[in-house]
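**Student:** Got a sequence here, can you build the structure:
(chains A, B, C and D)
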There are 2 protein chains.
Amino acid sequence: MKSMSTKPNDNTASTIFNACKNCRLTSICTPLNLPPITLDELSTQERVIHKGDELFNSKTPFSSIFAVRSGALKTILSSQPSQPQVTGFYLPGDIVGLDGLETNTHTNSATALETTAICEISFDKLEKFSLNDPTTQRPFLQLMSQEINNNQALFMQQSKKNAEQKMASLLLSISARFKKQGYSDESFSLPMPRADIANYLGLTVETVSRVLTKLNKEQYFNIDKKQISQLHIKKIQQLAES
Amino acid sequence: MKSMSTKPNDNTASTIFNACKNCRLTSICTPLNLPPITLDELSTQERVIHKGDELFNSKTPFSSIFAVRSGALKTILSSQPSQPQVTGFYLPGDIVGLDGLETNTHTNSATALETTAICEISFDKLEKFSLNDPTTQRPFLQLMSQEINNNQALFMQQSKKNAEQKMASLLLSISARFKKQGYSDESFSLPMPRADIANYLGLTVETVSRVLTKLNKEQYFNIDKKQISQLHIKKIQQLAES
DNA sequence: CGCACAGTTGAGAGCGATCAATTCGGGTGG
DNA sequence: CCACCCGAATTGATCGCTCTCAACTGTGCG
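**Tutor:** Down below sits the predicted model:
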């Protein structure tokens, strides 16, 4: 009997490499020139969590970051427990969990919005592999810096937009991420409830609902429940760019 | 005649160390265990720029970060040139310029709001000193991570606040930074014009003016032109924490 | 079948934007 | 030193977007 492949628990480097090659984890691995063999030591096998399950919460020690393989997560910050803030939606290809770096404990909680498969990457090991090598430390810092720039500039601009423009921006962001993963960018399902969208965008549920209805009528897209179809990307870009 | 101090151009290591020891640059240097001698190689002499001068703009290659010694700067992002966004105010002790890390070019421009003294720190050298040493690379990443967390959570919460609460938060932020530098935290001068405050907070100049007038009447502080005095910190914290 | 929750739709109120007029202040030149 | 000017700041009146409160509809699940 051959001792390779097809076994359910086949956790060899090549298997993991295949699992990772299509996800945005490559945005970390690739620029850092990590040889495939090290991926074996960095990442664990794919893991599945279910709707409502927490991947980590604000009491979880930070030791890993996570790549979303399928499904969707939301992150919530509850610095004031009375006013939880949805801080992000994470779709296939996204990396979640860097929020724990500062204090060595996650500050957000991450909850599955539906059945979700994730890859766990040990940050300690990633750090050793990437940062001890002078030629790869800069790319890693740049990855962090991206988040700084994206968040600061993007969110400050966001706060000046009206409800329609905020909704448009979110839809474009989701659309772009699906596209990057090889899915349709004009037909997809919104994995999160209206209340989460509202919280994330700083609106009320009622306003989100009204905006979706209005944009639907005006042919920006068709929406039925959570299903978006015929998203008119150019048209909605014009709307978003105020 | 003694050959120490009091000379205008005394640019020795000890002078620079003295110049730096009171500034928030220590938040980089200290946790990284940089020996004082290396500061000589990292930082240059204090430099003065005048109101309206640009420290860097969006075309400046990234090679240094800057510590504000006195005065004040604003950073502006003009990704859509028609809608410039004030992205930050930098007071004594603040570090400005990390925005250039991602693309190796600054994305913001930094303009002096008044006569301002700054220290320039070579990022290349800082990076070599700090990151080649495994015991100091984590603190540096944490510094970056702080910015991520601060910005994301803070700005998302910010966008849900009303005009008074936004103004309160900004005043508290400024007050705290002055305090950290040993200045009064209840009496200080706002270095930026109302228009910059408005742009930064996502409000109009008129609203900023009205809010300041209202908070003045309600004894949160006294304001005369740019001069804030008798800032009632506890009271204004309650307002900010919605 | 009924319950709980998610989502939609409507009416009214309030906050901040907009438009407009006025005041204030710093700088310049006579 | 004063008159003048121009931009910054204040103040007022009105409009509109979004929130709030409320009722209703739809949906998944026991």
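**Student:** can we go C-alpha only for contacts and neighbour counts from here?
**Tutor:** OK.
**Student:** Give the burial count for residue A:201, as a bare number.
**Tutor:** Look at residue A:201: counted by other Cα atoms under 10 Å in any protein chain shown, it has 24 neighbours.
**Student:** hmm, I was thinking of residue A:198
**Tutor:** 19.
**Student:** Same check on the one 5 residues further on?
**Tutor:** Here the neighbour count serves as a burial measure; for residue A:203 (other Cα under 10 Å) it reads 19.
**Student:** which residues does the most centrally placed residue in chain A contact?
**Tutor:** Most central in chain A under Cα atoms, centre = their mean is residue A:90, positioned 2.4 Å from the mean C-alpha point. Contacts for residue A:90 (Cα atoms under 8 Å, 6 or more residues apart in numbering or on different chains) come out as A:68, A:72, A:73, A:74, A:75, A:96.
**Student:** Now render those as TSV, adding secondary structure and distance to residue A:126.
**Tutor:** Output for these, formatted as TSV (DSSP: H, G, I helix; E, B strand; the rest coil; distance: Cα to Cα, whole Å):
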residue	secondary structure	distance to residue A:126
A:68	strand	17
A:72	coil	24
A:73	strand	23
A:74	strand	24
A:75	strand	22
A:96	strand	15
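**Student:** Tell me the one of these nearest residue A:210?
**Tutor:** Among the contacts of residue A:90, residue A:74 lies closest to residue A:210 (Cα to Cα), at 22.8 Å.
**Student:** so what's the closest one closest to, chain neighbours aside?
**Tutor:** residue A:89 (4.5 Å; Cα to Cα, 6 or more residues apart in numbering or on different chains).
**Student:** What pLDDT is listed against that neighbour?
**Tutor:** Predicted confidence (pLDDT) for residue A:89: 95.
**Student:** Does it touch residue A:68 like I think?
**Tutor:** No. Residue A:89 lies out of contact with residue A:68 (Cα atoms under 8 Å); the separation is 10.7 Å.
**Student:** in the sheet, who's paired with the residue nearest to the centre of chain A?
**Tutor:** residue A:73 (DSSP bridges).
**Student:** now do the one 5 residues further on
**Tutor:** Beta-bridge partners for residue A:95, by DSSP bridges, are residue A:67.
**Student:** export the contacts of residue A:90 to CSV and tack on neighbour count?
**Tutor:** Formatted as CSV, the contacts of residue A:90 follow (neighbours: other Cα atoms under 10 Å in any protein chain shown):
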residue, neighbour count
A:68, 24
A:72, 23
A:73, 31
A:74, 24
A:75, 25
A:96, 23
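**Student:** Of those residues, which is the nearest to residue A:188?
**Tutor:** residue A:72 (12.5 Å).
**Student:** contacting residues for that closest one?
**Tutor:** By Cα under 8 Å, 6+ apart, residue A:72 lies in contact with A:89, A:90, A:91, A:92, A:112, A:113, A:114, A:115, A:116, A:191.
**Student:** so residue A:186 makes contact with residue A:233?
**Tutor:** Yes. Under the criterion of Cα under 8 Å, residue A:186 makes contact with residue A:233 at 7.2 Å.
**Student:** residues in contact with residue A:49?
**Tutor:** Residue A:49 touches A:55, A:112, A:115, A:116, A:117, A:118, counting by Cα under 8 Å, 6+ apart.
**Student:** Quick check: beta-bridge partners of the second one?
**Tutor:** Each beta-bridge partner of residue A:112 is listed here: residue A:73, as defined by DSSP bridges.
**Student:** Please tell me how far it sits from residue A:89.
**Tutor:** Residue A:112 sits 10 Å away from residue A:89, going by Cα to Cα, to the nearest Å.
**Student:** Overlap in contacts, the two.
**Tutor:** Common neighbours of residue A:112 and residue A:89 (Cα under 8 Å, 6+ apart) are A:72, A:73, A:74.
**Student:** Up against DNA strand C, what does chain A have?
**Tutor:** Taking Cα under 7 Å from any atom of the strand, the part of chain A that reaches DNA strand C is made up of A:192-195, A:205-210, A:212-213, A:225-226.
**Student:** nearest to DNA strand D, of these?
**Tutor:** residue A:207 (4.4 Å; Cα to the nearest atom of the strand).
**Student:** Now that closest one. Nearest residue, chain neighbours left out?
**Tutor:** Nearest to residue A:207 is residue A:163, by Cα to Cα, 6+ apart, at 7.4 Å.
**Student:** Any chance of the backbone angles for that neighbour?
**Tutor:** phi -60, psi -40 (degrees, to the nearest 10).
**Student:** List the contacts of stretch A:157-171.
**Tutor:** A:201, A:203, A:207-208, A:211, A:215, A:236-237, A:239-242, B:85, B:159, B:202.
**Student:** Could you identify the most distant pair in those?
**Tutor:** For these, and using Cα to Cα, no pair is farther apart than A:215 and B:85, which are 27.4 Å apart.
**Student:** which of the two has more neighbours?
**Tutor:** When neighbours are counted by other Cα under 10 Å, residue B:85 comes out ahead of the other of residue A:215 and residue B:85, with 22 against 17.
**Student:** Can you pull the domain assignment for chain A?
**Tutor:** What automatic domain parsing lists as the domains of chain A is A:2-158, A:161-241.
**Student:** Kindly reformat those domains as a markdown table and extend each row with distance to residue B:171.
**Tutor:** Formatted as a markdown table, those follow (distance: least, Cα to Cα, whole Å):
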| stretch | distance to residue B:171 |
| --- | --- |
| domain A:2-158 | 18 |
| domain A:161-241 | 22 |
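**Student:** quick one: which of these has the weakest pLDDT on average?
**Tutor:** Looking at the domains of chain A, the bottom one is domain A:2-158 with a mean of 72.
**Student:** Which parts of chain A are strands?
**Tutor:** Ranges of strands in chain A, per DSSP state E, are A:47-49, A:54-56, A:64-70, A:73-77, A:85-90, A:95-96, A:108-112, A:116-122, A:188-189, A:222-224, A:227-229.
**Student:** and those strands as JSON lines, adding distance to residue B:178?
**Tutor:** Below are the strands of chain A laid out as JSON lines (distance: least, Cα to Cα, whole Å):
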{"stretch": "strand A:47-49", "distance to residue B:178": "47"}
{"stretch": "strand A:54-56", "distance to residue B:178": "37"}
{"stretch": "strand A:64-70", "distance to residue B:178": "36"}
{"stretch": "strand A:73-77", "distance to residue B:178": "28"}
{"stretch": "strand A:85-90", "distance to residue B:178": "29"}
{"stretch": "strand A:95-96", "distance to residue B:178": "35"}
{"stretch": "strand A:108-112", "distance to residue B:178": "30"}
{"stretch": "strand A:116-122", "distance to residue B:178": "40"}
{"stretch": "strand A:188-189", "distance to residue B:178": "49"}
{"stretch": "strand A:222-224", "distance to residue B:178": "51"}
{"stretch": "strand A:227-229", "distance to residue B:178": "50"}
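**Student:** quick one: which of those is nearest residue B:81?
**Tutor:** strand A:85-90 (27.5 Å).
**Student:** what angle do the closest one and strand A:73-77 make?
**Tutor:** Strand A:85-90 runs at 160 degrees relative to strand A:73-77, counting by axes from the mean of the first three to the mean of the last three Cα atoms, to 10 degrees.
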